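>>> Have a look; sequence and predicted model below, questions after that.
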Amino acid sequence: MWARSLQVLVLCLVVVTTRAASAAIELTHADFVMQDGDIPPPDDAPWSPVELPDRWSERIPEAHGSGWYRLRVGPLGEGDPKVALYLPKLNMNAEAFVSGRWVGSGGSFVEPVTQNWNRPLLFRFDRSLVADGGWVHIRIYGYRGDWGGLGPVWLGDEAELSPRYEHQYLLQVVPSQVASVVSLLMIALFTALWLSRDRDPLYGFFVLATASYFIHGLSGHLRDIVVPYYFGRWLIHATIDWFAVWMIFSTHRWLHLTRPRLERFAVAAMLLGSITTAIVGAMWFLRVALVFHILAAVTVPYALLEVARRWHRLPRPEAHFVLVAAVSAIVVIVHALLIQLGVLPQDAPRLLHLLAPSLLLAFGSVMLADFMRSYRTARRLNAELEQRVRDKEAELADNYASLRRLEHQRLLAEERERIMREMHDGMGSSLVSTLSLVERSNAPTAIATAIRDALVDMRVVIDSLDPSADDLLAMLGMLRTRLEPKLRARGVSFAWKVRDVPSLEWLGPREMLHVMRVVQEAITNTLKHTRATTITIATAAVERDGRPGVLVSVADDGRGSAEGRGGGRGLPNMRFRAEQLGGTLAIHHDGGVCVELWLPLESTIPSSRSPLDPTSAVNHPPGSTGPG
């Protein structure tokens with residue numbers, strides 16, 4: 001399987017490095033002179049012939065600053081009016097002149113110089129500049145002890161070279177940009193996992209590895225830097241070594257290996273490398289850094305060997321990820337060496353910046369899978385805990401039901417007490433009247449009437465206790481049924497104008513009895529103090545002060561006062577009950593007396609509708625003994 005993976009990766013490298021046939025001209029012969037300046041050197045400058053690609057580190061390792069290349073171009077003849085000069089490989093920055101005219105630049109030549117070592121350049125200009133041939137001058141800025149130089153130069157139609165430039169840019173720069181974005185996302189994700197997992201070292205070292213690569217990877221696409229070049233170069237070389245150290249730390253913890261000596265050696269070696277490369281001169285920097293890069297590269301086959309030794313104990317999906325990443329890393333390293341040895345062309349895509357992302361994605365997938373396994377285990381344990389909580393809740397619900405039954409019994413006792421008070425408050429007056437009639441030896445008919453009134457009053461109280469009697473219109477109808485025979489016997493008729501009104505959800509037994517008492521009191525006062533022949537009961541939906549509500553009115557066609565005579569407490573009692581309901585009571589005199597009780601659609605007073613409401617005991621008007 002390893003051999004097959006290697007074959008696939010090598011095939012991919014062959015594909016991306018193969019160049020299609022081209023009509024463009026490849027310029028590989030040039031003259032060179034090391035000379036500062038913003039314009040091409042004159043013809044009498046000490047030019048010397050060179051072959052492209054030209055690497056300063058091999059030919060002039062001490063060179064630093066601007067070097068000029070002069071390339072002879074033959075007549076291009078007729079063709080596309082737009083041509084281009086394509087530089088697939090250079091280090092560090094370049095600008096171009098064609099036939100003495102400036103045609104483009106890769107950026108700043110002032111410290112810190114624009115970084116174009118991993119970026120192809122394309123300069124577009126008119127064909128007229130080279131229609132009859134001429135000279136192309138290319139200025140390259142390089143650093144002492146670095147990989148300064150220029151690869152082959154291409155001249156041809158823009159339509160042909162522009163896609164080639166974009167393809168090379170896509171292969172070299174875009175992957176580096178994507179890798180930086182992915183690294184940032186992984187830093188954020190695994191920092192959150194590290195915090196959520198009680199600062200597990202596995203995730204902590206992985207975050208350090210990802211952060212190290214992120215700093216290193218910026219060199220692959222960041223053109224303009226804000227730090228001195230030599231410090232930036234030291235930083236990107238040091239961070240790739242520390243990336244290897246932190247990855248080994250993460251691998252050990254993933255495989256549950258305890259290698260303190262090896263880890264201490266790795267830290268000491270990379271610390272030595274970071275210090276040494278920081279103090280050596282520019283000419284020795286790359287040589288010294290290469291030694292520690294080789295040490296860092298050894299960590300890849302070491303990790304692959306440890307994974308292979310524990311292959312049978314590892315989860316298969318994660319192990320395959322690590323295997324593919326390790327093989328890919330080895331192939332990428334070999335590819336980089338082939339470029340350095342000249343086996344592959346200098347303008348071949350640079351794949352070294354894909355080394356770290358492949359390892360990061362593989363190990364990131366492994367750790368994410370480990371986290372998901374832990375998450376699923378936690379969910380299972382939470383489900384078991386929730387089931388236990390539900391069992392306890394059921395037990396508590398049973399206990400609460402027992403408490404509710406006890407509370408209900410207490411409320412029933414209070415309700416019985418309330419009934420007794422209401423019966424005393426309502427029937428007491430009737431019985432007192434009956435007693436008075438008996439004592440005066442009044443007619444038996446009057447006694448019977450008084451007793452019937454007491455029975456009616458008692459039935460009204462009982463009706464109000466019906467749990468289903470929470471509908472205002474139904475209760476008014478029941479009251480009509482109770483009172484109509486009495487009124488008919490006295491020559492008084494009902495005019496029934498009750499209409500559908502919004503339901504008053506807050507009406508409970510206590511509130512319903514208050515309403516019935518007000519209506520009953522109004523009817524009683526009409527019978528006692530007026531000579532009415534018709535009593536009209538009506539309902540309507542009415543707003544008061546912007547609040548929706550229901551209006552219940554009792555009107556008669558007689559003459560007299562609804563307040564009664566002899567200073568009775570009828571009207572104060574009605575007002576008290578209206579206040580208890582959160583409503584208002586109004587009395588109008590217009591060809592009779594009209595008592596209006598307005599009830600809000602939504603009340604703020606405590607309701608007795610719930611059987612568990614401890615306020616269900618009714619409030620009585622001060623000094624009340626019943627209607628009338």
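On my side now, so go ahead.

>>> just to confirm, which helix or strand has residue 140 in it?
Using DSSP states H and E, residue 140 sits in strand 134-142.

>>> can you give me the offset of the helix or strand just after that strand from its chain's centre?
Moving toward the C-terminus from strand 134-142, the next helix or strand (DSSP H and E) is strand 149-150. Taking Cα atoms, centre = their mean, to the nearest Å, one finds strand 149-150 lying 50 Å from the centre of the chain it belongs to.

>>> Other residues contacting the next helix or strand after strand 149-150?
Downstream of strand 149-150, the next assigned helix or strand under DSSP H and E is strand 153-157. Outside of strand 153-157, the residues within contact range by Cβ atoms under 8 Å, 6 or more residues apart in numbering are 22-28, 30, 52, 69, 71, 73, 76, 79-80, 82-88, 130, 136, 138, 161, 164. C-betas here are computed from N, CA, C, even on glycine.

>>> CA atoms of strand 153-157 as PDB?
C-alpha atoms of strand 153-157 as PDB (Å, rounded to 0.1, in the frame of the first residue of the first chain):
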ATOM      1  CA  VAL A 153      13.100  34.000 -19.000                       C
ATOM      2  CA  TRP A 154      10.200  33.600 -21.400                       C
ATOM      3  CA  LEU A 155       9.200  36.100 -24.100                       C
ATOM      4  CA  GLY A 156       6.000  35.700 -26.100                       C
ATOM      5  CA  ASP A 157       2.400  36.700 -26.700                       C
END
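
>>> Within its sheet, name the partner strands of that strand and how each one runs.
Strand pairing for strand 153-157, determined by DSSP bridges: strand 25-27 (antiparallel), strand 82-87 (antiparallel).

>>> and that strand with strand 134-142, angle?
Using axes from the mean of the first three to the mean of the last three Cα atoms, to 10 degrees, one finds that strand 153-157 and strand 134-142 are set 140 degrees apart in direction.

>>> next SSE after strand 153-157?
Remark: after strand 153-157, the chain's next helix or strand is helix 158-172, criterion DSSP H and E.

>>> Next, the buried residues of whichever helix or strand comes after that following helix.
Using DSSP H and E, the helix or strand that follows helix 158-172 in sequence is helix 174-196. Neighbour-count burial for helix 174-196, counted by 16 or more other Cβ atoms under 10 Å, picks out 175-176, 179-180, 182-183, 186-187, 189-191, 193-194.

>>> picking that back up, name the residues that touch the strand holding residue 140?
27, 40, 56, 63-73, 85, 87, 90-100, 109, 113, 130, 148-150, 153, 155.

>>> For residue 211, grab the count of nearby residues.
For residue 211, the neighbour count with other Cβ atoms under 10 Å is 19.

>>> looking just at contacts, which helices and strands does whatever helix or strand it lives in meet?
Applying DSSP H and E as the criterion places residue 211 in helix 201-217. Helices and strands touching helix 201-217, by 3 or more Cβ pairs under 8 Å, 6 or more residues apart in numbering; DSSP states H and E, are helix 174-196, helix 229-254, helix 355-439.

>>> how about that helix: buried residues?
Across helix 201-217, burial judged by 16+ other Cβ under 10 Å covers 202-217.

>>> Stretch 266-284 too?
Under 16+ other Cβ under 10 Å, the buried positions of stretch 266-284 are 266, 269-270, 273-274, 277, 280, 282.

>>> can the residues you listed go into CSV with extra columns for distance to residue 288 and secondary structure?
Output for these, formatted as CSV (distance: Cβ to Cβ, whole Å; DSSP: H, G, I helix; E, B strand; the rest coil):
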residue, distance to residue 288, secondary structure
266, 18, helix
269, 13, helix
270, 13, helix
273, 8, helix
274, 11, helix
277, 5, helix
280, 5, coil
282, 11, helix
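
>>> from those, which is closest to residue 311?
Set against residue 311, the nearest of the buried residues of stretch 266-284 by Cβ to Cβ is residue 266 (23.6 Å).

>>> Just give me the neighbour total for the residue lying closest to that closest one once chain neighbours are set aside.
Spatial nearest neighbour of residue 266, chain neighbours left out: residue 245 (4.9 Å); criterion: Cβ to Cβ, 6 or more residues apart in numbering. Neighbour count of residue 245, defined by other Cβ under 10 Å: 22.

>>> cool, residue 587 as well?
Residues near residue 587, counting by other Cβ under 10 Å: 16.

>>> Start and end of stretch 307-323, how far apart?
Distance across stretch 307-323, first residue to last, is 8 Å (Cα to Cα, to the nearest Å).

>>> Then stretch 99-113?
End-to-end distance (Cα to Cα), stretch 99-113: 25 Å.

>>> how far is the strand holding residue 140 from where the chain is centred?
The answer for strand 134-142 is 53 Å, by Cα atoms, centre = their mean.

>>> before we move on, the earlier item: could you dump the strands paired with strand 153-157 to a markdown table with distance to residue 402?
Conversion of those to a markdown table gives the following (distance: least, Cβ to Cβ, whole Å):
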| stretch | distance to residue 402 |
| --- | --- |
| strand 25-27 | 96 |
| strand 82-87 | 89 |
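
>>> Go through these and pick out the most buried.
Sort those by mean neighbour count, taking mean count of other Cβ atoms under 10 Å, and strand 82-87 sits at the top with a mean of 23.

>>> Run through who's touching that one.
The contact list for strand 82-87 (Cβ under 8 Å, 6+ apart) reads 24, 76, 94, 96, 98, 103-104, 120-127, 130, 136, 138, 150-151, 153-159, 161-162, 164-165.

>>> Next: stretch 41-52.
27-33, 35, 59, 68-70, 150-153.

>>> Now which of the residues you listed would you call buried?
The neighbour count (16+ other Cβ under 10 Å) marks 27, 30-33, 35, 68-70, 150-153 as buried among the contacts of stretch 41-52.

>>> re earlier: so which of the contacts of stretch 41-52 would you say is closest to residue 522?
Using Cβ to Cβ, the contacts of stretch 41-52 come closest to residue 522 at residue 151, 108.7 Å.

>>> mind checking pLDDT for the closest one?
We note a pLDDT of 92 for residue 151 in this prediction.

>>> How many neighbouring residues does residue 601 have?
When counting by other Cβ under 10 Å, one arrives at 16 neighbours for residue 601.

>>> ok so, going back, please identify the buried residues of the strand holding residue 140?
Going by neighbour count (16+ other Cβ under 10 Å), the buried part of strand 134-142 is 134-142.

>>> and it, what's its mean pLDDT?
Here strand 134-142 scores 96 as its mean pLDDT.

>>> Pull the CA coordinates from it and hand them back as CSV.
The C-alpha coordinates for strand 134-142 follow below in CSV (Å, rounded to 0.1, in the frame of the first residue of the first chain):
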residue,chain,number,x,y,z
GLY,A,134,16.5,44.6,-29.0
TRP,A,135,17.8,44.2,-25.4
VAL,A,136,15.9,43.1,-22.3
HIS,A,137,17.5,44.2,-19.0
ILE,A,138,16.3,42.5,-15.8
ARG,A,139,17.3,43.9,-12.4
ILE,A,140,17.5,41.3,-9.6
TYR,A,141,17.9,42.1,-5.9
GLY,A,142,19.5,39.4,-3.8
